[in-house]
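Engineer: one predicted model, sequence on top.
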Amino acid sequence: MSYQIYSHTLPSATPGTQRIVKAHHFGTPGARPKIYLQAGLHADEWPGFLVLNTLIKKLKIAQEKDLIEGEVIVVPVANPIGLGQNFHGYIPGRFAFSDGGGNFNRNWPKLGDKVARVVNDQISGDIEANVTLVRQAIRHELANLPELTELQGLRKTLLALSMDADEVLDLHCSGEACMHAYVAQEFEDYFRPLLGLLEADVALSELDTGVQSFDETNVSVWRQLKSHYAHLMPWGCRSLTLELRGENDISHELAEKDAEALYQYLIYRGVIEGKTPKIDDSKVTYYPLDAMDLVKAPVAGIACFHKALGEQVEAGEVIGEVVDLMCDDVENSAHPLVARANGVFFARFQRRLVVCGESLAKIAGREHLAFREIGHLFED
């Protein structure tokens, strides 16, 4: 099959408006492995736009040379709704303004119970048949999802493109950060080669964040079924969230580097024909998500950081300060930002004028922190 672009029209939110999601398809529909990539679900996180734009160029060449043995779907702009939130040049893009609001990457539909009811009496000793059965049930349940609103249409569209993929790679970024990723515990070894290619030394590992994010939703059906059927139910989908450094880490050089890493990964997985890359993943380190310290602003004011991203820190160490601009005693107006974990200072807030209580810095530690609650490990 030749390279195809499909435009998916979302329900019209208001008279005279219409938004679309464009999906770039490579390879043969139904061929395996199938890998799905998207960027910009949080519409204020833009590095992935350029990375996937660059990757599409590489995939077009591979398609012309008949090198694609599996199937690849790329959605370079996953959230046109969020991108429409343009206020005098500022695009917040993280939260929906309609349909009850909320984070675009939270509370995605739960399909596990519905799929389980359909397939429970049909699971057999034929593993491949089980996978096919579950994927058919997933497609059926996706078709029944509502799409009355623009946001419902967006979610249904993206899930319909991704949920039968062998792998789902969701591209995000932080305010200012090192390259890192969020990976389910079950997939630590599986995704280590990808992280090695991307030079992501830090990865946060979790079992269930409790937020029903896009990447979790894509694997939740399989996780639920595996808990009942064990070896009879393989992972029909694996997913992760890639954090492509910081919001302003955008350049053709970085996009080329990251797109080439993704392309080499597609070769490694057998999606594209080519020489298998040599991968050094020795620096990839997984840190439990419940051991990640979120350093919060003790007061409102101006934040300054003393430690650089990627540096090791110790619990009790001061990594920066927030200056209280309303303090009468200006000589003592600085309030320290204190690390509560031994680990790597890998991400921080980009904006320097901060609100009291905001999470300003992330430190990847190794030991569970008492104030981190399992099932509530992400903030909005």
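Structural biologist: Perfect, I can see it now.
Engineer: from here on, contacts and neighbour counts on C-alpha atoms
Structural biologist: Noted.
Engineer: contacting residues for the residue nearest in space to the middle of the chain?
Structural biologist: With distances taken as Cα atoms, centre = their mean, the residue of the chain nearest its centroid is residue 241 (2.6 Å). By Cα atoms under 8 Å, 6 or more residues apart in numbering, the contact set of residue 241 is 169-172, 181-183, 215.
Engineer: which residues in this protein form helices?
Structural biologist: For the chain, the helices defined by DSSP state H cover 47-64, 80-83, 112-119, 127-143, 150-162, 188-198, 214-229, 252-268.
Engineer: packing partners of the third one?
Structural biologist: Applying 3 or more Cα pairs under 8 Å, 6 or more residues apart in numbering; DSSP states H and E, one finds that helix 112-119 makes contact with helix 127-143, helix 214-229.
Engineer: redo those as CSV? Include mean neighbour count and distance to residue 289.
Structural biologist: Converted to CSV, those look like this (neighbours: other Cα atoms under 10 Å; distance: least, Cα to Cα, whole Å):
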stretch, mean neighbour count, distance to residue 289
helix 127-143, 17, 29
helix 214-229, 20, 15
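Engineer: now those as JSON lines including mean pLDDT and distance to residue 293?
Structural biologist: Shown next, in JSON lines, are the helices and strands packed on helix 112-119 (pLDDT from 0 to 100; distance: least, Cα to Cα, whole Å):
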{"stretch": "helix 127-143", "mean pLDDT": "97", "distance to residue 293": "37"}
{"stretch": "helix 214-229", "mean pLDDT": "95", "distance to residue 293": "22"}
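Engineer: looking at these, spot the one closest to residue 21.
Structural biologist: Between residue 21 and the helices and strands packed on helix 112-119, the tightest spacing by Cα to Cα is seen for helix 214-229, at 16.0 Å.
Engineer: residues in contact with the closest one?
Structural biologist: Applying Cα under 8 Å, 6+ apart, the contact partners of helix 214-229 are 105-106, 108-113, 115-116, 159, 162-163, 168-170, 208, 232-241.
Engineer: what's next to stretch 329-337, contact-wise?
Structural biologist: Contacting residues not belonging to stretch 329-337 are listed as 295-299, 318-325, 327 [Cα under 8 Å, 6+ apart].
Engineer: over to stretch 316-327?
Structural biologist: Defining contact as Cα under 8 Å, 6+ apart, one finds that stretch 316-327 is touched by 297-307, 313, 333-341.
Engineer: between its first and last residues, how far does it reach?
Structural biologist: 24 Å (Cα to Cα, to the nearest Å).
Engineer: give me the pLDDT for residue 101.
Structural biologist: Residue 101 carries a pLDDT value of 84.
Engineer: how about the nearest residue to it, chain neighbours excluded?
Structural biologist: In this structure, residue 101 finds its nearest non-sequential neighbour in residue 95, 6.2 Å apart by Cα to Cα, 6 or more residues apart in numbering.
Engineer: surely the one you found is in contact with residue 103?
Structural biologist: Yes: in this structure, residue 95 is within contact of residue 103 by Cα atoms under 8 Å, at 4.3 Å.
Engineer: buried subset of the contacts of helix 214-229?
Structural biologist: 105-106, 108-109, 111-112, 115-116, 159, 162-163, 168-170, 208, 232-241 (16 or more other Cα atoms under 10 Å).
Engineer: in strands, which of the residues you listed appear?
Structural biologist: 168-170, 238-241 (DSSP state E).
Engineer: wait, which of the helices of the chain is closest to residue 279?
Structural biologist: helix 188-198 (6.3 Å).
Engineer: so which elements touch that closest one?
Structural biologist: On a contact count with 3+ Cα pairs under 8 Å, 6+ apart, helix 188-198 meets helix 252-268.
Engineer: list the buried residues of the helix it packs on.
Structural biologist: 255-268.
Engineer: next one: stretch 160-179
Structural biologist: If you call a residue buried by 16+ other Cα under 10 Å, then stretch 160-179 has these buried ones: 162-179.
Engineer: figure out how far that stretch is from the centre of its chain.
Structural biologist: 3 Å (Cα atoms, centre = their mean, to the nearest Å).
Engineer: returning to what we had before: can you redo the buried residues of helix 252-268 as TSV with distance to residue 138 and pLDDT?
Structural biologist: TSV is the format used below for these (distance: Cα to Cα, whole Å; pLDDT from 0 to 100):
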residue	distance to residue 138	pLDDT
255	34	98
256	35	98
257	35	98
258	32	98
259	30	98
260	32	98
261	31	98
262	27	98
263	28	98
264	30	98
265	27	98
266	25	98
267	28	98
268	28	98
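Engineer: ok, so of these, who is nearest residue 362?
Structural biologist: The nearest one, if we look at the buried residues of helix 252-268 relative to residue 362 and count by Cα to Cα, is residue 258, at 22.9 Å.
Engineer: number of residues surrounding residue 99?
Structural biologist: Close neighbours of residue 99, defined as other Cα atoms under 10 Å, add up to 10.
Engineer: thanks again, I'm all set now.
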